[in-house]
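> A predicted structure for the sequence below; I have some questions about it.
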Amino acid sequence: MRRFTWFNATSLTLGFAFLYLPMVLLIIYSFNDSKLVTVWAGFSTKWYGELLRNDAFLDAAWVTVQVAFVSSTVATVLGTMAAYVMVRAGRFAGRTLFSGMIYAPLVMPEVITGLSLLLLFIGIGLDRGVFTIILAHTTFSMCYVSVVVSSRLVSFDRSLEEAALDLGCSPMQAFRLVTLPIIAPAVFAGWLLAFTLSLDDLVIASFTAGPSSTTLPIKIWSSIRLGVSPEINALSTLMIAVVAVGVITASLVTKRSALRQEADQRAAERA
């Protein structure tokens, strides 16, 4: 076994500091009483109040939540279906093309994806707005859901489905009553990943958004070009809190599901 040396400890500390120290400073200065974000003038929560009275930020946040919820839900359904086909369908005509189209957004630069979708929407005469952002976010987040769900389906014990079929279930009933509950943590994790990616997206949304459909990342980007305000620090702190709660929730759900599955396996072995 390798010892945990001072070099490893120093590298780990510097790595985590590089990743999380800027976030800590941002959170601290969101409670700054001064309007200057680089000058500490005392503790205050007034910028959170100013943020709640800023209609532009609130409207952008509402659009972002709507887009993230709808696009992640649609992407989860389509990604789960695609993962099921990739794992269970075996070899079929066009499998290579199908898998390539599913996984292409993983390696495609966001600028190329956004520009191609923009040209598509212009070509078919579709006005840019919330609907086009939802379509764009569904397109690039579906592949992430497919990867997460397919990794769970690969290790899935198919004898459970076969037992359900032997007991009289139809293939759809076996999927709904046996397969889906077992892969539900992976599906939920894929949904959370798609939701987070949609909340964070700036490049693709900037190509597909319309004048009345500004998302929160676009609004933040346009605001910081004129200088960082304490309201943006407060808004970023709230976004970090939401993401942290989501990650903790997903971890607890996954851990609870794993413990329940282990308990069921032990009960089956005893029986």
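Sure, I can see it.
> what's the burial count for the nearest residue to residue 79 once chain neighbours are set aside?
Nearest non-adjacent residue to residue 79, counting by CB to CB, 6 or more residues apart in numbering: residue 145, 2.9 Å away. (Glycine included, C-beta is placed from N, CA and C.) By other CB atoms under 10 Å, 30 other residues sit near residue 145.
> Quick one: residues contacting residue 145.
By CB atoms under 8 Å, 6 or more residues apart in numbering, the contact set of residue 145 is 75, 76, 78, 79, 80, 83, 187, 190, 191, 193, 194.
> Export these to CSV and append columns for pLDDT.
Output for these, formatted as CSV (pLDDT from 0 to 100):
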residue, pLDDT
75, 93
76, 93
78, 92
79, 90
80, 90
83, 87
187, 89
190, 89
191, 90
193, 87
194, 91
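> In ChimeraX, select just the buried ones from those residues.
Here is the ChimeraX command that picks out the buried ones among the contacts of residue 145, judged by 16 or more other CB atoms under 10 Å:
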select :75,76,78,79,80,83,187,190,191,193,194
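> Just send the contacts of residue 145 back as JSON lines, with secondary structure too.
What follows is the contacts of residue 145, written out as JSON lines (DSSP: H, G, I helix; E, B strand; the rest coil):
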{"residue": "75", "secondary structure": "helix"}
{"residue": "76", "secondary structure": "helix"}
{"residue": "78", "secondary structure": "helix"}
{"residue": "79", "secondary structure": "helix"}
{"residue": "80", "secondary structure": "helix"}
{"residue": "83", "secondary structure": "helix"}
{"residue": "187", "secondary structure": "helix"}
{"residue": "190", "secondary structure": "helix"}
{"residue": "191", "secondary structure": "helix"}
{"residue": "193", "secondary structure": "helix"}
{"residue": "194", "secondary structure": "helix"}
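> Of the contacts of residue 145, which is the nearest to residue 93?
Of all the contacts of residue 145, residue 83 has the smallest distance to residue 93: 19.3 Å, by CB to CB.
> quick one, what contacts the closest one?
The neighbourhood of residue 83, defined by CB under 8 Å, 6+ apart, consists of 145, 146, 147, 149, 150, 153.
> Number of residues surrounding residue 265?
11.
> how much space between it and residue 157?
Separation of residue 265 from residue 157 (CB to CB, to the nearest Å) stands at 10 Å.
> Return the distance of residue 49 relative to residue 171.
56 Å.
> Same question for residue 143.
Distance, residue 143 to residue 171, by CB to CB: 26 Å.
> neighbour count winner among the two?
More crowded of residue 143 and residue 171, by other CB under 10 Å: residue 143, with 23 against 11.
> where does the residue lying closest to the more buried one once chain neighbours are set aside land in three-state SS?
Nearest non-adjacent residue to residue 143, counting by CB to CB, 6+ apart: residue 105, 4.7 Å away. What three-state DSSP gives for residue 105 is helix.
> how many neighbours does the residue lying closest to residue 230 once chain neighbours are set aside have?
Among residues not flanking residue 230 along the chain, residue 47 sits closest, at 4.1 Å (CB to CB, 6+ apart). For residue 47, the count of nearby residues is 24 (other CB under 10 Å).
> before we move on, the earlier item: among the contacts of residue 83, pick out the one closest to residue 237, please.
Nearest member of those to residue 237, counting by CB to CB, is residue 145, at 28.2 Å.
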